[in-house]
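>>> Whatever this is, show me its structure:
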Amino acid sequence: MRQRAPRAPTPNPELCCPPAAPPVALPADDGEADRALARLAKALGHPARVSIVRTLLRRDTCVAGELGDALPLAQSTVSQHLKQLKEAGLIRGEVSGPRVCYCVEPGAVALLKALVGAL
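Numbers count the residues shown, from 1 in each chain. The predicted model follows:
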């Protein structure tokens, strides 16, 4: 008898992250779409940033310190990568006392997927 794979936990980014931004429409103009894709791809242009986004997609919530534990990088380096991802709009975060909580921005990830799919 086949066993079922364990169910992934249902994401609940509302536990610590600010509300998600409204979805962004796929640019109608090719030039604008190219610039948007280049900006998002540049933000993901380092393996550590890809790993951070993948980690955030797999978790309900996240604290920057826990991300540092998951990556073989100094916390200051992780923070720099988080800053670049946040500036590109791929993640959102909020400082709450001593904690900094980061989550993936679902609209930006959907836009990235659509832009790559339109190539």
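>>> For the residue nearest the centre of the chain, which non-adjacent residue is spatially closest?
In the chain, the residue lying closest to the centroid (CA atoms, centre = their mean) is Val104, at 3.4 Å. In space, and not counting its chain neighbours, Val104 is closest to Leu56: 4.6 Å by CB to CB, 6 or more residues apart in numbering. (Glycine included, C-beta is placed from N, CA and C.)
>>> that older thread, ok, the residue nearest to the centre of the chain - contacts?
Pro13, Val53, Leu56, Leu57, Leu90, Ile91, Arg92 (CB atoms under 8 Å, 6 or more residues apart in numbering).
>>> What is the burial count for the fifth one?
By other CB atoms under 10 Å, 23 other residues sit near Leu90.
>>> Which phi and psi values does it adopt?
Note on Leu90: backbone dihedrals following degrees, to the nearest 10 are phi -80, psi -20.
>>> With adjacent residues omitted, what lies nearest to it?
Ala108 (4.9 Å).
>>> Please give the centre-to-centre distance between the one helix or strand Arg92 maps to and its chain.
Using DSSP states H and E, Arg92 sits in strand 91-96. Here strand 91-96 shows a centroid-to-chain-centroid distance of 11 Å under the convention CA atoms, centre = their mean, to the nearest Å.
>>> What strands flank it, and is each parallel or antiparallel?
strand 99-104 (antiparallel) (DSSP bridges).
>>> Please enumerate residues in contact with the strand holding Arg92?
Contacts of strand 91-96 (CB under 8 Å, 6+ apart): 16-18, 20-21, 52-53, 56, 64, 82, 85-86, 100-105.
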